[in-house]
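K.L.:
coords below, sequence missing:
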(Lines give C-alpha, C1' and ligand atoms only; values in the text may rest on other atoms or scores of the structure.)
Protein backbone atom coordinates (compact mmCIF):
# COMPACT_ATOMS: atom_id res chain seq x y z
CA UNK A 1 0.00 0.00 0.00
CA UNK A 2 1.33 3.39 -0.94
CA UNK A 3 0.11 6.78 0.24
CA UNK A 4 0.81 10.37 -0.65
CA UNK A 5 2.59 12.95 1.46
CA UNK A 6 -0.65 14.09 3.02
CA UNK A 7 -1.35 10.67 4.58
CA UNK A 8 -4.96 10.45 3.37
CA UNK A 9 -6.19 7.44 1.51
CA UNK A 10 -8.22 8.55 -1.42
CA UNK A 11 -8.27 11.45 -3.82
CA UNK A 12 -8.75 15.12 -3.03
CA UNK A 13 -11.96 15.53 -4.90
CA UNK A 14 -12.49 18.99 -6.29
CA UNK A 15 -9.18 20.39 -4.95
CA UNK A 16 -6.56 18.52 -6.89
CA UNK A 17 -6.21 17.98 -10.58
CA UNK A 18 -5.84 14.38 -11.72
CA UNK A 19 -3.58 13.16 -14.46
CA UNK A 20 -2.72 9.53 -15.34
CA UNK A 21 -1.46 7.52 -18.22
CA UNK A 22 -5.05 6.85 -19.20
CA UNK A 23 -8.02 9.09 -18.53
CA UNK A 24 -10.18 6.03 -17.74
CA UNK A 25 -9.56 4.49 -14.30
CA UNK A 26 -11.65 1.46 -15.21
CA UNK A 27 -9.35 0.64 -18.11
CA UNK A 28 -6.35 0.69 -15.78
CA UNK A 29 -8.05 -1.63 -13.28
CA UNK A 30 -9.06 -4.09 -15.99
CA UNK A 31 -5.42 -4.40 -16.97
CA UNK A 32 -4.52 -5.19 -13.32
CA UNK A 33 -2.47 -2.11 -12.90
CA UNK A 34 -2.53 0.39 -10.12
CA UNK A 35 -3.82 3.77 -11.04
CA UNK A 36 -1.31 6.60 -10.52
CA UNK A 37 -2.68 10.04 -9.74
CA UNK A 38 -0.65 13.23 -9.65
CA UNK A 39 -2.13 15.85 -7.37
CA UNK A 40 -1.52 19.49 -8.09
CA UNK A 41 -2.43 21.73 -5.19
CA UNK A 42 -4.41 24.83 -5.85
CA UNK A 43 -3.01 28.26 -4.97
CA UNK A 44 -3.14 29.00 -1.25
CA UNK A 45 -3.08 25.28 -0.25
CA UNK A 46 0.28 24.05 1.05
CA UNK A 47 -0.62 20.35 1.49
CA UNK A 48 -3.40 17.92 0.89
CA UNK A 49 -3.98 17.67 4.63
CA UNK A 50 -5.14 21.29 4.72
CA UNK A 51 -7.49 20.66 1.80
CA UNK A 52 -9.42 18.07 3.87
CA UNK A 53 -10.75 16.05 0.89
CA UNK A 54 -13.47 13.48 1.19
CA UNK A 55 -12.05 9.99 0.61
CA UNK A 56 -13.72 8.07 -2.17
CA UNK A 57 -14.90 4.57 -1.10
CA UNK A 58 -13.26 1.57 -2.71
CA UNK A 59 -15.44 0.01 -5.42
CA UNK A 60 -17.12 -3.22 -4.47
CA UNK A 61 -15.72 -6.39 -5.92
CA UNK A 62 -12.56 -4.64 -7.00
CA UNK A 63 -9.09 -5.32 -5.71
CA UNK A 64 -6.31 -2.87 -5.22
CA UNK A 65 -6.02 0.57 -3.75
CA UNK A 66 -5.84 4.05 -5.17
CA UNK A 67 -2.28 5.30 -5.12
CA UNK A 68 -2.05 9.04 -4.49
CA UNK A 69 1.23 10.79 -5.04
CA UNK A 70 1.37 14.42 -4.00
CA UNK A 71 4.14 16.57 -5.42
CA UNK A 72 6.62 17.98 -2.90
CA UNK A 73 5.88 21.47 -1.69
CA UNK A 74 7.60 24.14 -3.72
CA UNK A 75 10.94 25.28 -2.40
CA UNK A 76 10.87 28.59 -0.58
CA UNK A 77 11.88 31.35 -2.90
CA UNK A 78 14.92 33.42 -1.88
CA UNK A 79 14.20 36.79 -0.32
CA UNK A 80 13.95 39.62 -2.80
CA UNK A 81 17.11 41.63 -3.28
CA UNK A 82 17.02 45.09 -1.78
CA UNK A 83 17.68 47.91 -4.19
CA UNK A 84 21.21 49.25 -4.09
CA UNK A 85 21.26 53.00 -3.75
CA UNK A 86 24.11 55.01 -5.14
CA UNK A 87 25.10 58.58 -4.60
CA UNK A 88 23.65 59.72 -7.89
CA UNK A 89 20.75 61.88 -8.95
CA UNK A 90 18.05 60.55 -11.28
CA UNK A 91 18.33 62.27 -14.61
CA UNK A 92 14.61 61.95 -15.15
CA UNK A 93 14.01 64.85 -12.79
CA UNK A 94 15.05 68.02 -14.64
CA UNK A 95 14.79 70.15 -11.50
CA UNK A 96 17.36 68.08 -9.61
CA UNK A 97 19.64 67.05 -12.46
CA UNK A 98 21.98 70.01 -12.04
CA UNK A 99 22.25 69.77 -8.27
CA UNK A 100 25.07 68.04 -6.42
CA UNK A 101 23.83 65.57 -3.78
CA UNK A 102 25.92 67.06 -1.01
CA UNK A 103 24.50 70.52 -1.63
CA UNK A 104 20.91 69.30 -1.46
CA UNK A 105 19.32 70.55 1.79
CA UNK A 106 17.08 67.46 2.01
CA UNK A 107 18.94 64.31 0.83
CA UNK A 108 16.82 61.48 -0.56
CA UNK A 109 19.40 58.69 -0.74
CA UNK A 110 21.25 56.91 2.10
CA UNK A 111 24.52 57.15 0.17
CA UNK A 112 24.18 60.89 -0.01
CA UNK A 113 23.67 61.17 3.76
CA UNK A 114 26.73 59.02 4.46
CA UNK A 115 28.90 60.87 1.97
CA UNK A 116 27.99 64.34 3.15
CA UNK A 117 30.82 65.43 5.50
CA UNK A 118 29.33 68.82 6.29
CA UNK A 119 27.32 68.84 9.58
CA UNK A 120 23.89 70.36 9.34
CA UNK A 121 24.17 72.15 12.72
CA UNK A 122 27.83 73.00 13.30
CA UNK A 123 28.85 73.87 16.82
CA UNK A 124 29.43 77.56 17.49
CA UNK A 125 33.04 78.64 17.62
CA UNK A 126 34.37 80.16 20.83
CA UNK A 127 34.72 83.89 20.90
CA UNK A 128 38.22 85.28 20.58
CA UNK A 129 39.70 87.03 23.59
CA UNK A 130 39.86 90.60 22.35
CA UNK A 131 39.40 93.98 23.95
CA UNK A 132 35.94 94.24 22.39
CA UNK A 133 34.59 91.36 24.50
CA UNK A 134 36.98 91.50 27.46
CA UNK A 135 34.15 92.68 29.70
CA UNK A 136 32.56 89.22 29.39
CA UNK A 137 35.71 87.45 30.67
CA UNK A 138 36.34 88.73 34.23
CA UNK A 139 38.45 86.93 36.80
CA UNK A 140 37.95 86.58 40.54
CA UNK A 141 40.47 88.79 42.28
CA UNK A 142 41.12 86.29 45.06
CA UNK A 143 41.97 83.55 42.58
CA UNK A 144 44.20 85.92 40.63
CA UNK A 145 46.18 86.74 43.77
CA UNK A 146 46.54 83.08 44.74
CA UNK A 147 47.71 82.06 41.27
CA UNK A 148 50.14 84.96 40.75
CA UNK A 149 52.01 85.37 44.02
CA UNK A 150 55.28 86.03 42.18
CA UNK A 151 53.71 89.00 40.37
CA UNK A 152 52.67 90.49 43.69
CA UNK A 153 56.22 90.15 45.00
CA UNK A 154 57.83 91.96 42.05
CA UNK A 155 55.17 94.68 41.92
CA UNK A 156 53.56 93.76 38.61
CA UNK A 157 50.26 92.98 40.38
CA UNK A 158 48.92 95.53 42.89
CA UNK A 159 45.74 95.89 44.90
CA UNK A 160 43.97 99.18 45.56
CA UNK A 161 43.12 100.13 49.10
CA UNK A 162 39.51 99.19 50.06
CA UNK A 163 38.04 102.69 49.92
CA UNK A 164 35.54 102.31 47.04
CA UNK A 165 31.81 101.75 47.05
CA UNK A 166 30.19 99.31 44.56
CA UNK A 167 27.64 100.69 42.09
CA UNK A 168 26.04 99.45 38.91
CA UNK A 169 24.57 96.08 38.00
CA UNK A 170 27.88 94.59 36.89
CA UNK A 171 29.78 93.83 40.06
CA UNK A 172 32.56 91.89 38.33
CA UNK A 173 34.40 93.44 35.38
CA UNK A 174 37.84 93.67 33.83
CA UNK A 175 39.60 95.32 30.93
CA UNK A 176 42.48 97.53 29.75
CA UNK A 177 42.76 100.89 31.52
CA UNK A 178 42.30 104.42 30.16
CA UNK A 179 43.46 107.08 32.62
CA UNK A 180 42.10 110.60 33.16
CA UNK A 181 43.05 113.25 35.72
CA UNK A 182 40.57 116.01 36.65
CA UNK A 183 39.52 117.97 39.70
CA UNK A 184 35.89 118.81 40.30
CA UNK A 185 35.31 119.00 36.53
CA UNK A 186 33.48 116.42 34.41
CA UNK A 187 33.78 117.72 30.83
CA UNK A 188 36.59 115.35 29.87
CA UNK A 189 34.80 112.49 31.61
CA UNK A 190 31.81 112.97 29.32
CA UNK A 191 34.03 113.17 26.23
CA UNK A 192 35.69 109.86 27.03
CA UNK A 193 32.43 108.02 27.68
CA UNK A 194 30.94 109.26 24.40
CA UNK A 195 33.61 107.24 22.54
CA UNK A 196 33.49 103.49 21.87
CA UNK A 197 34.65 101.69 24.95
CA UNK A 198 35.55 98.30 23.38
CA UNK A 199 35.58 96.64 26.79
CA UNK A 200 37.94 99.15 28.40
CA UNK A 201 37.84 100.60 31.94
CA UNK A 202 37.99 104.35 32.57
CA UNK A 203 40.01 105.28 35.67
CA UNK A 204 39.34 108.89 36.76
CA UNK A 205 41.55 110.55 39.35
CA UNK A 206 39.31 113.23 40.82
CA UNK A 207 41.80 114.15 43.53
CA UNK A 208 39.65 112.41 46.14
CA UNK A 209 37.31 115.40 46.31
CA UNK A 210 34.16 114.91 48.37
CA UNK A 211 32.66 118.34 47.60
CA UNK A 212 30.84 117.48 44.33
CA UNK A 213 30.05 114.63 41.96
CA UNK A 214 32.10 114.31 38.75
CA UNK A 215 29.97 111.46 37.32
CA UNK A 216 26.19 111.23 36.89
CA UNK A 217 23.53 108.98 35.44
CA UNK A 218 23.55 110.24 31.83
CA UNK A 219 27.30 109.66 31.20
CA UNK A 220 27.05 106.19 32.75
CA UNK A 221 24.14 105.36 30.43
CA UNK A 222 26.25 106.45 27.46
CA UNK A 223 29.16 104.35 28.70
CA UNK A 224 26.92 101.28 28.84
CA UNK A 225 25.66 101.85 25.31
CA UNK A 226 29.19 102.42 23.95
CA UNK A 227 30.62 99.21 25.40
CA UNK A 228 32.67 100.34 28.37
CA UNK A 229 33.32 97.59 30.91
CA UNK A 230 33.55 99.82 33.97
CA UNK A 231 34.43 103.18 35.55
CA UNK A 232 36.57 103.78 38.63
CA UNK A 233 36.31 107.29 40.13
CA UNK A 234 38.57 108.67 42.80
CA UNK A 235 35.80 111.02 43.84
CA UNK A 236 32.01 111.17 44.16
CA UNK A 237 29.08 110.33 41.88
CA UNK A 238 25.38 111.11 41.88
CA UNK A 239 22.12 109.69 40.39
CA UNK A 240 22.88 106.47 42.24
CA UNK A 241 19.53 104.78 41.48
CA UNK A 242 19.95 105.40 37.76
CA UNK A 243 23.55 104.14 37.80
CA UNK A 244 22.53 100.98 39.69
CA UNK A 245 20.11 100.19 36.86
CA UNK A 246 22.87 100.24 34.21
CA UNK A 247 24.70 97.10 33.09
CA UNK A 248 28.17 98.41 33.85
CA UNK A 249 30.56 98.34 36.79
CA UNK A 250 31.14 101.57 38.72
CA UNK A 251 33.39 102.21 41.72
CA UNK A 252 33.51 105.55 43.58
CA UNK A 253 34.39 106.92 46.97
CA UNK A 254 30.83 107.99 47.74
CA UNK A 255 27.79 109.83 46.40
CA UNK A 256 27.15 113.59 46.41
CA UNK A 257 24.14 115.56 45.16
CA UNK A 258 26.07 118.62 43.85
CA UNK A 259 27.30 118.73 40.25
CA UNK A 260 30.86 119.52 39.13
CA UNK A 261 32.25 122.42 37.11
CA UNK A 262 32.33 122.42 33.31
CA UNK A 263 35.59 124.13 32.40
CA UNK A 264 37.16 121.20 30.53
CA UNK A 265 40.38 121.20 32.55
CA UNK A 266 42.25 117.93 32.97
CA UNK A 267 44.86 115.50 31.60
CA UNK A 268 44.36 112.39 29.47
CA UNK A 269 46.40 109.18 29.35
CA UNK A 270 48.73 110.15 32.18
CA UNK A 271 49.86 108.07 35.19
CA UNK A 272 47.62 108.62 38.22
CA UNK A 273 47.89 107.60 41.86
CA UNK A 274 44.67 106.25 43.38
CA UNK A 275 44.22 104.49 46.74
CA UNK A 276 47.94 104.18 47.30
CA UNK A 277 48.67 102.65 43.88
CA UNK A 278 50.24 104.13 40.77
CA UNK A 279 48.16 103.30 37.66
CA UNK A 280 49.38 103.80 34.08
CA UNK A 281 47.42 103.98 30.85
CA UNK A 282 47.27 100.58 29.11
CA UNK A 283 47.50 98.42 32.24
CA UNK A 284 44.76 95.92 33.14
CA UNK A 285 42.16 96.27 35.88
CA UNK A 286 40.26 93.40 37.56
CA UNK A 287 37.39 94.24 39.92
CA UNK A 288 34.82 92.27 41.87
CA UNK A 289 33.18 92.45 45.28
CA UNK A 290 36.50 91.56 46.98
CA UNK A 291 38.42 94.55 45.62
CA UNK A 292 40.33 95.98 42.66
CA UNK A 293 43.60 94.71 41.18
CA UNK A 294 45.96 96.45 38.75
CA UNK A 295 48.25 94.38 36.54
CA UNK A 296 50.83 95.42 33.97
CA UNK A 297 49.68 92.66 31.62
CA UNK A 298 46.60 90.55 31.01
CA UNK A 299 46.28 87.74 33.52
CA UNK A 300 44.95 84.21 33.40
CA UNK A 301 44.21 81.71 36.16
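P.N.:
Arrived safely, thanks for sending. As the structure is a prediction and not an experimental result, all values here were calculated from the model.

K.L.:
CA only for contacts and neighbour counts going forward, please
P.N.:
Noted.

K.L.:
surely residue 291 touches residue 141?
P.N.:
Yes: when contacts are counted by C-alpha atoms under 8 Å, residue 291 is listed as touching residue 141 (7.0 Å).

K.L.:
point out where this structure drops to low pLDDT.
P.N.:
1-137, 301 (pLDDT under 70).

K.L.:
change it to 50
P.N.:
Within the chain, the ranges that satisfy pLDDT under 50 run 1-5, 8-23, 27-42, 45-51, 61-64, 67, 85-94, 96-97, 99-119, 122-136.

K.L.:
all helices for it, in order.
P.N.:
25-30, 48-51, 110-115, 141-147, 149-153, 187-193, 217-225, 240-244 (DSSP state H).

K.L.:
against which helices or strands is the fourth one packed?
P.N.:
In other words, helix 141-147. Judged by 3 or more C-alpha pairs under 8 Å, 6 or more residues apart in numbering; DSSP states H and E, helix 141-147 is in contact with strand 284-288, strand 291-295.

K.L.:
let's see that with 10 Å instead.
P.N.:
helix 149-153, strand 157-159, strand 284-288, strand 291-295 (3 or more C-alpha pairs under 10 Å, 6 or more residues apart in numbering; DSSP states H and E).

K.L.:
contacts for the third one, please.
P.N.:
Pointing back at strand 284-288 there. Strand 284-288 has contacts (C-alpha atoms under 10 Å, 6 or more residues apart in numbering) with 135, 138-142, 144, 157-160, 166, 170-178, 200-203, 230, 232, 249-251, 279, 292-299.

K.L.:
what of the shortest one?
P.N.:
Residues from elsewhere that reach strand 157-159 (C-alpha under 10 Å, 6+ apart): 141, 144-145, 148-152, 275-279, 284-287, 291-297, 299.

K.L.:
now residue 286, nearest residue through space, not along the chain?
P.N.:
Closest residue to residue 286 apart from its sequence neighbours, by C-alpha to C-alpha, 6 or more residues apart in numbering: residue 174 at 4.5 Å.

K.L.:
need the contact list for the one you found.
P.N.:
Residues in contact with residue 174, defined by C-alpha under 10 Å, 6+ apart, are 134-140, 199-201, 229-230, 249, 284-288, 292-294, 298.
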